[in-house]
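1. Make a model of this:
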Amino acid sequence: MGMSVKDFLTWCRKHLILVTVATVVLIVAFGYVNVQVLHMTSEPEFCHLCHPAKGFGALAEVDSWEHSGHAEAGVSCLDCHGQPGVFGYMKAKMGGLKDLYFQVTITPEEKRKILENPDEDLVPSLQCLFCHTDEGNKQYREEHKYTMQLVEMRMLDSVKNPEFRMRKGLPDIMEETFVGGSHFDHAFHIESFEMECNNCHFGLIHREQSKTDRMNMCLVCHAENEGSSAPQLADCKACHEAQVAMNEGRGAKGVAGEYSLMYAADIDCEGCHTGAETGQFRPTAETCVVCHEEEYVDIFNDWASETQGQIEELKVLRAHVETELKEADTRKRNTEELWALYQKAIYNLRFVKNDGTSGVHNSEYANMILGSVKTDLNDVLKGLEQAW
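-> Numbering: from 1, shown residues only. Next up is the predicted model:
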């Protein structure tokens, strides 16, 4: 005969220590397995099962993320789609159950309609400010100081500014006005007009937006406030700081250059951006032949492809260097000077990227800057190889 419940309870009382240890082990194992399942179902690879398309827009959310600056910085799905802290994480996971229910109960057409019309507060401003500002990060941590200390479930929970922001080469958007290569006062727009981040950055990752689209967003608002301090279309230099600096051969840290050929010849912005008045803000290689011979198109393309190729190589090297620096930090090595050199390198790399022309504004200066970036990143690696 099998053991009865009474016999089992008697056995447990006789082996109380063994039963207690076994129970604790089972509870810990159960908790560990569940946490790992939570993490596994929070990875982009899992999200890809329901968002498998390529490109931008509905169903292509994972692919569009993979080609974004957020992916490059290691910012994953739940880092934006769930508030910081363990409760924010769990709330997002519970919301995911609703998404899973829809996945199996609604038609593909209904799903696409939902994805094409997301809630405007899908990623509230507080989550943007948590990573991109020091004060926003500090305020949220103070208001949730107990829950934020429970456990770190993803990268977002470990973000502490200014350290995180500076190590990613990011400006404090509420303190600095040189952001993304342009002069833009976030604090003024947010505090004076009560704007939310998604008013300008709605669909930032998952919707294809050209620089022309973003330029038009600015111009529409500024045109409505003509006569105020809002720069208008003709006030190019008021906003495009990186582009002006690149043309003048300045702006990069530790790298001095000279005026570009066009700028030195007093060719102003409209000399190349001939379609700006009609909404065609970006010139093409064909624009060059208005003043130059046909062969100049090849020169334009060579400049752009050479610079872009260097940028892609440096992005890989940058990621490797950041990983090595973090590993050195875990071993309690003194990396302060190496982090400073790394931050200088990514500032200069972003400067070239933010110019937005793949070096065409000032090819010689752009190449000098990228050369310095490569040297600095390799010097960081050499520093890490040295004895402690």
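2. pLDDT averaged over stretch 181-199 - what is it?
-> In this model, stretch 181-199 has an average pLDDT of 91.
3. Show me what secondary structure element comes after the worst-scoring helix or strand of the chain on mean pLDDT.
-> Across the helices and strands of the chain, mean confidence by mean pLDDT, DSSP states H and E is lowest for helix 285-288: a mean of 78. Following helix 285-288 in sequence order, the next helix or strand is helix 296-330 (DSSP states H and E).
4. sorry, back to before: and the contacts of the least confident helix or strand of the chain?
-> 272, 274, 296-297, 299-301 (C-beta atoms under 8 Å, 6 or more residues apart in numbering). Where C-beta positions appear, they are placed from N, C-alpha and C, glycine not excepted.
5. again, only using 6 Å
-> The set of residues external to helix 285-288 that reach it, using C-beta atoms under 6 Å, 6 or more residues apart in numbering, is 296-297, 300-301.
6. just stretch 88-102 next, same as before
-> 78, 81-82, 153.
7. which parts of stretch 145-158 are buried?
-> Buried residues in stretch 145-158, counting neighbours by 16 or more other C-beta atoms under 10 Å, are found at 148, 153-154, 156-157.
8. Looking at the residues you listed, spot the one nearest Glu258.
-> Nearest to Glu258 among the buried residues of stretch 145-158: Leu156, at 43.2 Å, using C-beta to C-beta.
9. What are the neighbouring residues in contact with the closest one?
-> 79, 84.
10. Check the chain and tell me which residue is nearest its centre.
-> The centre of the chain sits closest to His70, judged by C-alpha atoms, centre = their mean, with a distance of 2.8 Å.
11. Ala217: which element?
-> For residue 217 the amino acid is Met, not Ala. Going by DSSP H and E, Met217 is in helix 211-224.
12. Show me which parts of the next helix or strand after that helix are buried, residue by residue.
-> Downstream of helix 211-224, the next assigned helix or strand under DSSP H and E is helix 236-239. Within helix 236-239, the residues that count as buried by 16+ other C-beta under 10 Å are 236, 239.
13. what's whatever helix or strand comes next after helix 236-239 in contact with?
-> Sequence order places helix 241-248 as the next helix or strand after helix 236-239, per DSSP H and E. When contacts are defined by C-beta under 6 Å, 6+ apart, helix 241-248 is touched by residues 178, 181, 183, 237, 251, 259-260, 263, 354-355, 361-362.
14. For the residues you listed, pick the one with the most neighbours.
-> Asn362 (28 neighbours; other C-beta atoms under 10 Å).
15. What's the per-residue pLDDT of the closest residue to it other than its chain neighbours here?
-> Nearest non-adjacent residue to Asn362, counting by C-beta to C-beta, 6 or more residues apart in numbering: Ser260, 3.8 Å away. Looking at Ser260, its pLDDT reads 92.
16. Next, the contact list for Ser260, please.
-> By C-beta under 6 Å, 6+ apart, the contact set of Ser260 is 247, 361-362.
17. how about these in a markdown table, adding pLDDT?
-> Output for those, formatted as a markdown table (pLDDT from 0 to 100):
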| residue | pLDDT |
| --- | --- |
| Asn247 | 94 |
| His361 | 92 |
| Asn362 | 94 |
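18. Let me have these in CSV, extended by distance to Glu208.
-> Listed next are the contacts of Ser260 as CSV, based on distance: C-beta to C-beta, whole Å:
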residue, distance to Glu208
Asn247, 28
His361, 24
Asn362, 28
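19. Closest to Thr41 out of these?
-> Checking the contacts of Ser260 one by one against Thr41 (C-beta to C-beta), the nearest turns out to be His361, at 45.3 Å.
20. separation between the nearest residue to His81 once chain neighbours are set aside and Leu156?
-> Of all residues not flanking His81 in the chain, Ala92 sits nearest, at 5.8 Å (C-beta to C-beta, 6+ apart). Between Ala92 and Leu156 the computed distance is 10 Å (C-beta to C-beta, to the nearest Å).
21. before we move on, what about Phe130?
-> Using C-beta to C-beta, Phe130 is found at 7 Å from Leu156.
22. okay, and the common contacts of these two?
-> By the contact definition C-beta under 6 Å, 6+ apart, Phe130 and Leu156 are jointly contacted by Pro84.
23. So Ala366 is in contact with Val352, correct?
-> Yes. Using C-beta atoms under 6 Å, Ala366 is in contact with Val352, at 5.3 Å.
24. who has more neighbours, these two?
-> For Ala366 and Val352, the more surrounded residue by other C-beta under 10 Å is Val352, and the numbers stand at 30 against 26.
25. For that one, pull up the helix or strand it's in.
-> Using DSSP H and E, Val352 sits in helix 336-355.
26. quick one: buried residues of that helix?
-> Within helix 336-355, the residues that count as buried by 16+ other C-beta under 10 Å are 338-339, 341-355.
27. circling back: alpha carbons only: can I get the host helix or strand of the residue nearest to His81 in PDB?
-> With elements taken from DSSP H and E, the one containing Ala92 is helix 86-105. Output in PDB follows, covering the C-alpha atoms of helix 86-105 (Å, rounded to 0.1, in the frame of the first residue of the first chain):
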ATOM      1  CA  VAL A  86      10.300  46.400 -10.400                       C
ATOM      2  CA  PHE A  87       6.700  47.500 -10.300                       C
ATOM      3  CA  GLY A  88       6.900  49.300 -13.600                       C
ATOM      4  CA  TYR A  89       8.500  46.100 -15.000                       C
ATOM      5  CA  MET A  90       5.700  43.900 -13.700                       C
ATOM      6  CA  LYS A  91       3.000  46.300 -14.900                       C
ATOM      7  CA  ALA A  92       4.500  46.200 -18.400                       C
ATOM      8  CA  LYS A  93       4.600  42.400 -18.200                       C
ATOM      9  CA  MET A  94       0.900  42.200 -17.200                       C
ATOM     10  CA  GLY A  95       0.100  44.500 -20.100                       C
ATOM     11  CA  GLY A  96       2.000  42.000 -22.300                       C
ATOM     12  CA  LEU A  97      -0.600  39.400 -21.300                       C
ATOM     13  CA  LYS A  98      -3.300  41.500 -22.900                       C
ATOM     14  CA  ASP A  99      -1.200  41.800 -26.000                       C
ATOM     15  CA  LEU A 100      -0.800  38.000 -26.100                       C
ATOM     16  CA  TYR A 101      -4.500  37.600 -25.700                       C
ATOM     17  CA  PHE A 102      -5.100  39.900 -28.700                       C
ATOM     18  CA  GLN A 103      -2.400  38.000 -30.700                       C
ATOM     19  CA  VAL A 104      -4.500  34.900 -30.600                       C
ATOM     20  CA  THR A 105      -8.000  36.300 -30.700                       C
END
